[in-house]
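S.K.: would you be able to build a 3D model of this:
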Amino acid sequence: MSNLHEYGAKQLIELTRSGEVSATELLEAHLERIAAHNPYVNAIVALDVESAREQAKALDALPADQRGRLHGLPVAIKDTASAVGFPATAGHRHFADFRPEADDLHVARMCAEGVVIIGKTNVPEMAAGSHSFNKVYGTTYNPHDLARSAGGSSGGAAAALAAGFAPLADGSDMGGSLRNPAAFCGVVGMRPSPGVLPNTENPNMGDRLVTVGPMARNVADTALLLDVMAGPTPRQPQHVPLDHAALRNLEPARLTGLRIAYTPDLEGRVPVDPEITSALDALVARLEEAGAEVIRACPNLDGADEAFRTLRAAEFQSTMGELLAAEEENFNDFLADNIRQGETLTALDVMRALHTTTRLSREAADFFADVDLVLAPTTQILPFPAEQQWPREVAGQTMGDYLEWMRSAWLFTPLGLPGISIPAGFAEAGLPIGVQLLAGPGRDVELLQSAAAIEALIDLGYVDPFARTTTQNKGTGTNLQPAADTAASTLPAPTSAGVSMEMNA
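M.R.: Got it, this is the predicted structure:
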């Protein structure tokens, strides 16, 4: 069967569980795709073909009644997460040779349902920032334009999905690390409500800013992976339950009467590229034609900026401060600056930030008593040139630091809302545009149902970036050469140093 890389996860599972396609055949189809394009995209790192073939062979030997919900699907795990047999570098030289001895919980749950792990997906250094480049594996490039960024911190995951290297991917999100790369690469990335997915690998069990989450090429497949990843665990008593039956058989919401709050620039808080605004305006017009009730409104975000920056800097200093002091040469400048910002914070600063997030969360819950959905830009700009560390200007406004250009995603993080980015179309140059949808706290299933309905209205389907005839997807200059990786074996051996592997853009 040809073009298996274009099939969605649910379609592939039907084929593998029925025996029409073996796990080995499915793996080989994706490995062929990876061999052809990954040298230029650099989305999947630490690829282990022999291990993947052994996993697929073992799955093929299982009787039909023992095949899991993700039977035979090839996946690569984000390089901040632990998967036995693979490195977990977080894109940092200190961890270049680190090999975990146990799977993270969400990885173990994916493996229990029959995935084939083929490697890891690339991230920024310590997964900080929304551009995936580091000194261990190099830069990940956008499959839609090999001269541009794939976003981050789940940039390798998003690029792998867009390129047809895997049908599903895991990611994680603090400041947009699931949503931003999904928008840049034209795929789906969901940030669940805090507590939906166990945060067992985070050193701070009460952290409401960071969460793992699912990614895919469509909303139904995203719901499928969320269903597998979610669920209670004794190691984390706080848990937000979901309707798993609704996730497994996702029914799109009715657009007629759907109450949507549209905020194209977060009530003047962020500059946005006019092409993105134009695409969202057009989508809103189509939603109104379909019967949705759209108003101009936004949840209260007053204080979100200061609270997010304070808690982020405090977390970074707590988990990376000692390592920075010992190995300053292994940190990029903007991450080092962000870590050092935590040195000046007091306990009172942190408590005030936590109080602000509590207020924002309560006010957001009240806001969603009157609306079903918030519609906003996922990113403020289109994918930028990959040689830039971060964009210095957005829509004519100068950006002060590496966080400012992606505020459209992380200003919502302190509110504790589930959010998802789905493809909204393409800019004139052929670059993807994403739309960010947010729902009330704990309304993750309703968010997916609304996203499925809007996805059907947009009706893009899978766009193969390498089959397009535009010049943008071919890259320019040196990007026509395979991406150069730094060999991990030449780097210093790691120690744990108490550093969290769950930092995110």
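
S.K.: pull out the buried positions in the biggest helix by length in the chain.
M.R.: Counting residues, the longest helix found in the chain (DSSP state H) is helix 304-326. For helix 304-326, burial by neighbour count (16 or more other C-beta atoms under 10 Å) applies to 304-305, 307-320, 323-324. Bear in mind the C-beta positions are built from the backbone N, C-alpha and C, glycine included.

S.K.: could you measure from Gln397 over to Pro252?
M.R.: Distance of Gln397 to Pro252, given as C-beta to C-beta, to the nearest Å: 37 Å.

S.K.: when these two are compared, which one has more neighbours?
M.R.: Set Gln397 next to Pro252 and count neighbours by other C-beta atoms under 10 Å: Pro252 wins out with 17 against 12.

S.K.: pLDDT at that one, what is it?
M.R.: At Pro252, the pLDDT value in this model is 98.

S.K.: repeat that for Pro492.
M.R.: 34.

S.K.: and what of His239?
M.R.: 88.

S.K.: nearest residue to it in space, please, no chain neighbours.
M.R.: Excluding its sequence neighbours, the residue lying closest to His239 (C-beta to C-beta, 6 or more residues apart in numbering) is Pro232, at 4.4 Å.

S.K.: contact partners for that neighbour?
M.R.: 198, 239, 241 (C-beta atoms under 8 Å, 6 or more residues apart in numbering).

S.K.: residues near the second one, how many?
M.R.: Spelled out, it's His239. Counted with other C-beta under 10 Å, the burial measure for His239 works out to 14 neighbours.

S.K.: from the contacts of Pro232, which single one is nearest Leu447?
M.R.: The nearest member of the contacts of Pro232 to Leu447, counting by C-beta to C-beta, is Pro241 at 15.2 Å.

S.K.: for the spatially closest residue to the closest one that is not a sequence neighbour, give me the pLDDT.
M.R.: The spatial neighbour of Pro241 that comes closest, neighbours along the chain excluded (C-beta to C-beta, 6+ apart), is Pro232 at 7.7 Å. For Pro232, the pLDDT comes out at 93.

S.K.: and if you look at Ala487?
M.R.: 35.

S.K.: grab the most central residue of this structure for me.
M.R.: Leu178 (2.0 Å; C-alpha atoms, centre = their mean).

S.K.: the residue lying closest to that residue once chain neighbours are set aside: neighbouring residues, count only.
M.R.: Spatially, and ignoring its direct neighbours in sequence, Leu178 is nearest to Gly189 (3.8 Å; C-beta to C-beta, 6+ apart). The tally of other residues near Gly189 (other C-beta under 10 Å) stands at 34.

S.K.: was I right about Gly189 contacting Ser421?
M.R.: Yes - in this structure, Gly189 is within contact of Ser421 by C-beta atoms under 8 Å, at 5.2 Å.

S.K.: ranges for the helices of this protein?
M.R.: 9-18, 23-41, 49-60, 105-112, 155-163, 179-185, 219-229, 244-248, 274-289, 304-326, 333-341, 347-367, 407-410, 444-458.

S.K.: name the surrounding residues that touch the longest helix of the chain.
M.R.: 94, 126, 128, 174-175, 203-204, 207, 209, 331, 335-336, 338-343, 345, 349-350, 352-354, 356-357, 360, 403, 407, 410-415, 497-500, 503.

S.K.: narrow the residues you listed to those that are buried.
M.R.: 94, 126, 128, 174-175, 204, 207, 209, 331, 335-336, 338-339, 341-342, 345, 349-350, 353-354, 356-357, 360, 403, 407, 410-415, 499-500, 503.

S.K.: where in the chain is pLDDT low?
M.R.: 468-503 (pLDDT under 70).

S.K.: one more time with 50, if that's ok
M.R.: The chain contains residues with pLDDT under 50 at 469-480, 484-498.

S.K.: for it, identify the residue most remote from the centre.
M.R.: Max distance from the centre of the chain (C-alpha atoms, centre = their mean): Pro63, 33.8 Å.

S.K.: which residues does that one contact?
M.R.: Contacts of Pro63 (C-beta under 8 Å, 6+ apart): none.

S.K.: could you list the alpha-carbon positions for stretch 201-208 in CSV?
M.R.: Extracted in CSV, the C-alpha atoms of stretch 201-208 (Å, rounded to 0.1, in the frame of the first residue of the first chain):
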residue,chain,number,x,y,z
GLU,A,201,8.2,14.0,36.0
ASN,A,202,8.1,17.6,37.0
PRO,A,203,10.0,18.4,40.2
ASN,A,204,7.1,20.7,41.2
MET,A,205,3.9,18.6,41.5
GLY,A,206,1.8,21.7,41.8
ASP,A,207,3.1,23.4,38.7
ARG,A,208,0.2,24.6,36.6
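
S.K.: that older thread, out of the helices of the chain, deepest packed?
M.R.: Of all the helices of the chain, helix 179-185 has the most neighbours on average by mean count of other C-beta atoms under 10 Å, namely a mean of 37.

S.K.: report all helices and strands that it contacts.
M.R.: With contacts defined as 3 or more C-beta pairs under 8 Å, 6 or more residues apart in numbering; DSSP states H and E, helix 179-185 has these neighbours: helix 155-163, strand 188-191, strand 419-426, strand 432-438.

S.K.: please identify which of the ones you listed is closest to Pro74.
M.R.: That would be helix 155-163 among the helices and strands packed on helix 179-185, by C-beta to C-beta, at 9.9 Å.

S.K.: who's in contact with Asp273?
M.R.: So Asp273 contacts 380-382, 394-395 (C-beta under 8 Å, 6+ apart).

S.K.: name the member of those residues with the most neighbours.
M.R.: Neighbour-wise, the contacts of Asp273 (other C-beta under 10 Å) top out at Gln380, 25 neighbours.

S.K.: ok, that one to Pro124 distance?
M.R.: 18 Å.

S.K.: overlap in contacts of Gly189 and Ser421?
M.R.: 178-180, 182-183.

S.K.: quick one: which two of those are the most distant?
M.R.: Leu178 and Ala183 (10.1 Å).

S.K.: quick one: common contacting residues for those two?
M.R.: What both Leu178 and Ala183 touch, as defined by C-beta under 8 Å, 6+ apart, is the set 189, 421.

S.K.: so what's Phe133 closest to, chain neighbours aside?
M.R.: Of all residues apart from its sequence neighbours, Thr139 sits closest to Phe133 (C-beta to C-beta, 6+ apart), at 4.0 Å.

S.K.: pretty sure the residue nearest to the centre of the chain contacts Met215?
M.R.: Yes - Leu178 lies in contact with Met215 (C-beta under 8 Å); the separation is 6.4 Å.

S.K.: any shared contact partners between the two?
M.R.: Shared contacts of Leu178 and Met215, defined by C-beta under 8 Å, 6+ apart, are found at 154, 171, 189-190.

S.K.: let's have those in CSV, adding distance to Ser132.
M.R.: Shown next, in CSV, are the shared contacts of Leu178 and Met215 (distance: C-beta to C-beta, whole Å):
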residue, distance to Ser132
Ser154, 8
Gly171, 11
Gly189, 13
Met190, 19
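
S.K.: top of the residues you listed by neighbour count?
M.R.: Ser154 (40 neighbours).

S.K.: what separation do you get for the closest residue in space to it that isn't next to it in sequence and Gly155?
M.R.: Excluding its sequence neighbours, the residue lying closest to Ser154 (C-beta to C-beta, 6+ apart) is Gly171, at 3.3 Å. Going from Gly171 to Gly155 by C-beta to C-beta gives 9 Å.

S.K.: find the residues that touch each one of those two.
M.R.: Pro181.
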